[in-house]
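A.B. asks: Quick one, fold the following:
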Amino acid sequence: MAEEKELNIQETQKQEVAKTGAERTRSRLAFVPRADIYETNEAIVLLADMPGVDETTLDITLENDVLTINGYVNTSYPEGYGLAYGEYRVGDYQRSFTLSDKINRNKIEATVKDGVLRLYLPKAEPSTRKIAVVAG
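C.D. replies: Numbering: from 1, shown residues only. Below you'll find the predicted structure:
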């Protein structure tokens with residue numbers, strides 16, 4: 001796949017719970033959010049499902065070519081009520097991607113709406129140039 005050249009996925013698609021070597025400071029589950037990755041001539045666009053996450057509970061960092069997404073879900077129940085039955089587990093979200101040098105790190109944009117994270121990863125301008133050779 002062409003997008004795998006610019007963006008290497010570290011976690012497997014079927015993994016439900018993130019298992020990394022890093023220590024978590026929250027004592028709750030961390031799920032790997034499902035993601036769709038699209039490529040255009042100008043950018044790589046990543047869409048990740050993260051229900052319950054908004055711009056205040058989302059943390060995205062880029063360190064040493066690794067883009068890390070952390071989404072924190074705050075569960076709340078109506079006052080005076082407790083959960084009697086639940087069909088899905090609630091937890092945070094965590095996923096990492098390794099970026100190639102073909103991504104312009106200074107122009108990455110992130111938006112979140114209705115629990116869907118959209119990362120816009122613009123491609124870097126090609127740096128090919130002709131080098132003049134001087135006799136001497």
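
A.B. asks: Quickly list what the spatially most central residue of the chain is bridged to.
C.D. replies: What sits nearest the mean C-alpha location of the chain, by C-alpha atoms, centre = their mean, is Ile69, with 4.3 Å. Using DSSP bridges, the bridge partners assigned to Ile69 are Ile60, Arg95.

A.B. asks: what pLDDT does it get?
C.D. replies: The predicted local confidence for Ile69 comes out at a pLDDT of 96.

A.B. asks: doesn't Val112 make contact with it?
C.D. replies: No. Distance between Ile69 and Val112: 10.4 Å, which falls outside the contact criterion (C-beta atoms under 8 Å). From N, CA and C alone the C-beta is placed, and that goes for glycine too.

A.B. asks: quick one, strands of the protein?
C.D. replies: Along the chain, the stretches classed as strands by DSSP state E are 7-9, 30-31, 35-39, 43-49, 58-63, 66-71, 92-99, 109-113, 116-122.

A.B. asks: need these in CSV with distance to Leu83, can you?
C.D. replies: Compiled in CSV, the strands of the chain are given as follows (distance: least, C-beta to C-beta, whole Å):
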stretch, distance to Leu83
strand 7-9, 33
strand 30-31, 18
strand 35-39, 28
strand 43-49, 22
strand 58-63, 24
strand 66-71, 21
strand 92-99, 18
strand 109-113, 25
strand 116-122, 25
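
A.B. asks: To Lys130, which of these lies closest?
C.D. replies: Using C-beta to C-beta as the criterion, the shortest distance between Lys130 and the strands of the chain is 25.0 Å, found for strand 116-122.

A.B. asks: In this structure Pro122 contacts Asn104, no?
C.D. replies: Yes. If you go by C-beta under 8 Å, Pro122 and Asn104 touch, sitting 4.7 Å apart.
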